[in-house]
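Asker: my questions concern the predicted model and sequence given below.
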Amino acid sequence: AHLARIEAVDEKVHAFLHVDREGALAQARAVDARRAAGEELGPLAGVPLALKDIFTTEGVPTTVGSKILEGWIPPYDATVTKRLKDAGVVILGKTNMDEFAMGSSTENSAYGPTGNPWDLTRVPGGSGGGSSAALAAYEAPLAIGTDTGGSIRQPAALTGTVGVKPTYGGVSRYGMVAFSSSLDQGGPCARTVLDAALLHEVIAGHDPMDSTSIDAPVPSVVEAARNGSVAGMRVGVVNQFSGEGYQAGVVQRFEEAVELLTKLGATVVELDCPSFDLALSAYYLIAPSECSSNLARFDAMRYGLRVGDDGTRSAEDVTALTREAGFGDEVKRRVILGTYALSSGYYDAYYGSAQKVRTLITRDFEKAFEQVDVIVSPTTPTTAFPIGERADDPMAMYLADLCTIPTNMAGNAAMSLPCGLAPEDGLPVGLQIIAPAMKDDRLYKVGAAVE
Ligand code: GLN
């Protein structure tokens with residue numbers, strides 16, 4: 001049924017870069033066979049899923065939304081891919097994304113933008129716009145995204161779906177193409193909080209193949225999602241997540257959500273986190289710096305595209321020509337910025353200062369979580385914007401992640417869930433819930449209570 005739905009609507013939505021029809025049917029049949037053989041399978045066995053095209057899939061193309069990996073067929077599965085398959089989850093295909101996960105609208109995909117199912121002339125958010133759009137268009141009931149600065153939560157907010165960035169280290173990054181390794185985190189996307197929890201428990205947990213993976217039990221998120229409650233909880237509202245640039249309807253729906261939390265028995269506490277104002281600037285030094293190092297592996301020798309290799313050119317020239325042709329503008333912008341920020345003589349002034357800001361943000365969170373159990377905010381300052389509106393204005397695009405980036409900087413956990421529609425445009429608004437590291441269960445407990 002989902003394959004038929006994809007066939008019917010994806011020409012318009014363009015959530016998928018690759019639909020693996022035969023592979024999905026084979027996986028579904030394999031689940032039947034495992035069941036028939038008496039194997040006890042988990043609750044998601046046989047449930048279809050849309051996988052962000054940043055996770056390697058053995059034998060199935062993985063492009064990361066870039067021309068530089070066009071035609072590359074990975075020889076191995078990412079840990080996330082493997083865990084999904086082991087649980088019997090059926091992978092329908094790979095979803096569209098901003099190239100190398102750099103963007104907030106999916107317009108930076110080398111394969112064309114994805115439409116927001118609520119209004120196809122608007123963006124679904126990014127970088128994981130394909131995954132969230134697939135959910136909103138009922139092309140898949142589950143999806144996987146990655147969140148470096150908001151790429152799970154911001155698309156969830158803009159498409160009226162649920163998205164969770166687990167605690168950093170909670171989900172393995174092995175086989176997840178690296179953008180900014182100290183920030184990147186894979187996580188579940190779904191249409192309900194409980195569905196996201198079920199998926200969370202399938203993909204999370206220690207992986208010896210990822211040195212930053214946390215070796216501790218996964219928080220009991222399914223149990224939390226089944227027992228939603230905020231009674232007696234202290235909920236923080238941060239001053240820095242409001243003010244100029246926030247759409248009136250977004251603020252209105254957020255304030256209503258805070259009222260609901262109070263009505264359900266939570267105590268609301270106002271918080272000041274002054275370093276959050278610097279988060280965006282620090283992020284746009286740290287993320288490009290790490291990306292300039294990570295993307296060095298795309299050298300025309302090891303993977304995918306190779307341009308100009310006619311026997312007359314040096315390896316360096318072939319690498320340069322391949323990168324010129326294979327990387328899009330945003331990727332080039334970040335590699336240039338990151339290379340500059342890391343260069344000798346500038347390292348301390350740029351990367352070093354940004355790392356200090358990162359420590360201050362972590363301390364702001366630590367102080368906040370001495371006073372509250374969770375923090376809430378709007379997920380994004382505005383609802384979905386028209387395709388093209390911010391495409392030539394990187395600064396305007398970067399503002400979409402104002403509320404999501406601090407969490408990545410500190411490594412703690414956060415969720416976005418639907419919070420009604422903005423009265424002025426009828427588009428979805430997202431409520432963000434933030435919890436301390438390894439307290440991912442609190443997101444689900446609160447999320448399930450207000451859903
Ligand atoms: N929009 C942010 C960026 O472009 C975040 C992207 C992400 O989370 N992958 O860097």
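Answerer: Noted; the coordinates are in hand.

Asker: what comes up buried for stretch 309-327?
Answerer: Using 16 or more other C-beta atoms under 10 Å as the test for burial, stretch 309-327 gives 318, 319, 320, 321, 322, 323, 326, 327. Placement of C-beta: from N, CA and C, glycine included.

Asker: what does the helix or strand the first one falls within contact?
Answerer: Assigning secondary structure by DSSP states H and E places residue 318 in helix 315-326. Contacting residues not belonging to helix 315-326 are listed as 66-68, 70, 298-301, 304-309, 313, 332 [C-beta atoms under 8 Å, 6 or more residues apart in numbering].

Asker: what does residue 16 show for phi and psi?
Answerer: phi -110, psi 140 (degrees, to the nearest 10).

Asker: residues contacting the residue lying closest to it once chain neighbours are set aside?
Answerer: Distances taken as C-beta to C-beta, 6 or more residues apart in numbering put residue 93 closest to residue 16, at 4.8 Å, once the chain neighbours are dropped. Contact partners of residue 93, counting by C-beta under 8 Å, 6+ apart, are 6, 16, 17, 18, 19, 20, 21, 24, 50, 51.

Asker: which ones among those map onto strands?
Answerer: 16, 17, 18, 19, 50, 51 (DSSP state E).

Asker: neighbour count, distance to residue 386 and pLDDT for these - can I get that in TSV?
Answerer: Compiled in TSV, the ones in strands among the contacts of residue 93 are given as follows (neighbours: other C-beta atoms under 10 Å; distance: C-beta to C-beta, whole Å; pLDDT from 0 to 100):
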residue	neighbour count	distance to residue 386	pLDDT
16	24	22	98
17	23	23	98
18	19	27	98
19	19	27	98
50	31	24	99
51	30	28	98
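
Asker: can I get the residues you listed in TSV including distance to the ligand?
Answerer: Shown next, in TSV, are the ones in strands among the contacts of residue 93 (distance: C-beta to the nearest ligand atom, whole Å):
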residue	distance to the ligand
16	19
17	16
18	20
19	23
50	17
51	16
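
Asker: my guess is residue 3 meets residue 24, correct?
Answerer: Yes - taking contacts as C-beta atoms under 8 Å, residue 3 lies within contact range of residue 24: 6.6 Å.

Asker: between those two, what contacts are shared?
Answerer: Common neighbours of residue 3 and residue 24 are listed as residue 92 (criterion: C-beta under 8 Å, 6+ apart).

Asker: so who does the nearest residue to residue 150 once chain neighbours are set aside touch?
Answerer: Leaving aside its chain neighbours, residue 150 sits nearest to residue 404 (3.0 Å; criterion: C-beta to C-beta, 6+ apart). Taking C-beta under 8 Å, 6+ apart, we find residue 404 in contact with 147, 149, 150, 153, 154, 165, 379, 380, 414, 432.

Asker: show me how far stretch 171-183 is from its chain's centre.
Answerer: Computed by C-alpha atoms, centre = their mean, to the nearest Å, the chain-centroid distance of stretch 171-183 equals 11 Å.

Asker: show the end-to-end separation of that stretch, please.
Answerer: End-to-end distance for stretch 171-183: 12 Å, by C-alpha to C-alpha, to the nearest Å.

Asker: likewise for stretch 42-50?
Answerer: End-to-end distance (C-alpha to C-alpha), stretch 42-50: 18 Å.

Asker: so which residues on the stretch 101-250 of the chain come close to the ligand?
Answerer: By the rule C-beta under 6 Å from any ligand atom, the part of the stretch 101-250 of the chain lying against the ligand is 101, 102, 103, 104, 127, 147, 148, 149, 150, 151, 179.

Asker: what sits against the nearest residue to residue 239 once chain neighbours are set aside?
Answerer: Once flanking residues are discounted, residue 239 sits nearest to residue 272: 5.3 Å by C-beta to C-beta, 6+ apart. Residues near residue 272 by C-beta under 8 Å, 6+ apart: 238, 239, 240.

Asker: who wins for most neighbours among those?
Answerer: The residue in the contacts of residue 272 with the most neighbours, by other C-beta atoms under 10 Å, is residue 238 (22 neighbours).

Asker: surely that residue is in contact with residue 268?
Answerer: No - with contacts counted by C-beta under 8 Å, residue 238 stays clear of residue 268, the gap being 11.5 Å.

Asker: how close does the closest residue to residue 34 other than its chain neighbours get to residue 354?
Answerer: In this structure, residue 34 finds its nearest non-sequential neighbour in residue 41, 6.2 Å apart by C-beta to C-beta, 6+ apart. Distance, residue 41 to residue 354, using C-beta to C-beta, to the nearest Å: 45 Å.

Asker: mind putting the contacts of residue 404 in CSV, neighbour count, pLDDT and secondary structure included?
Answerer: Output for the contacts of residue 404, formatted as CSV (neighbours: other C-beta atoms under 10 Å; pLDDT from 0 to 100; DSSP: H, G, I helix; E, B strand; the rest coil):
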residue, neighbour count, pLDDT, secondary structure
147, 31, 98, coil
149, 30, 98, coil
150, 31, 98, coil
153, 35, 98, helix
154, 33, 98, helix
165, 35, 98, strand
379, 34, 98, coil
380, 30, 97, coil
414, 31, 98, strand
432, 30, 98, strand
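
Asker: from these, pick the one nearest the ligand.
Answerer: Set against the ligand, the nearest of the contacts of residue 404 by C-beta to the nearest ligand atom is residue 149 (3.1 Å).

Asker: and that closest one, what does it touch?
Answerer: By C-beta under 8 Å, 6+ apart, the contact list for residue 149 reads 183, 283, 287, 401, 404, 405, 408.

Asker: please repeat the previous calculation with a cut-off of 6 Å.
Answerer: Taking C-beta atoms under 6 Å, 6 or more residues apart in numbering, we find residue 149 in contact with 283, 401, 405, 408.

Asker: find the nearest non-adjacent residue to the second one, please.
Answerer: Right, residue 401. Closest residue to residue 401 apart from its sequence neighbours, by C-beta to C-beta, 6+ apart: residue 150 at 4.0 Å.

Asker: same check on the last one?
Answerer: Closest residue in space to residue 408, ignoring its immediate chain neighbours: residue 183 at 4.6 Å, by C-beta to C-beta, 6+ apart.

Asker: cool, the first one as well?
Answerer: Nearest in space to residue 283, with sequence neighbours left out and distances taken as C-beta to C-beta, 6+ apart, is residue 405 at 4.8 Å.

Asker: the one you found and residue 357, how far apart?
Answerer: Distance from residue 405 to residue 357, by C-beta to C-beta: 11 Å.

Asker: and residue 191, by the same measure?
Answerer: From residue 191 across to residue 357, the span is 36 Å (C-beta to C-beta).

Asker: in the stretch 351-451 of the chain, which spans are strands?
Answerer: Along the stretch 351-451 of the chain, counting by DSSP state E, counting those that start in this stretch, strands occupy 374-378, 413-421, 428-435.
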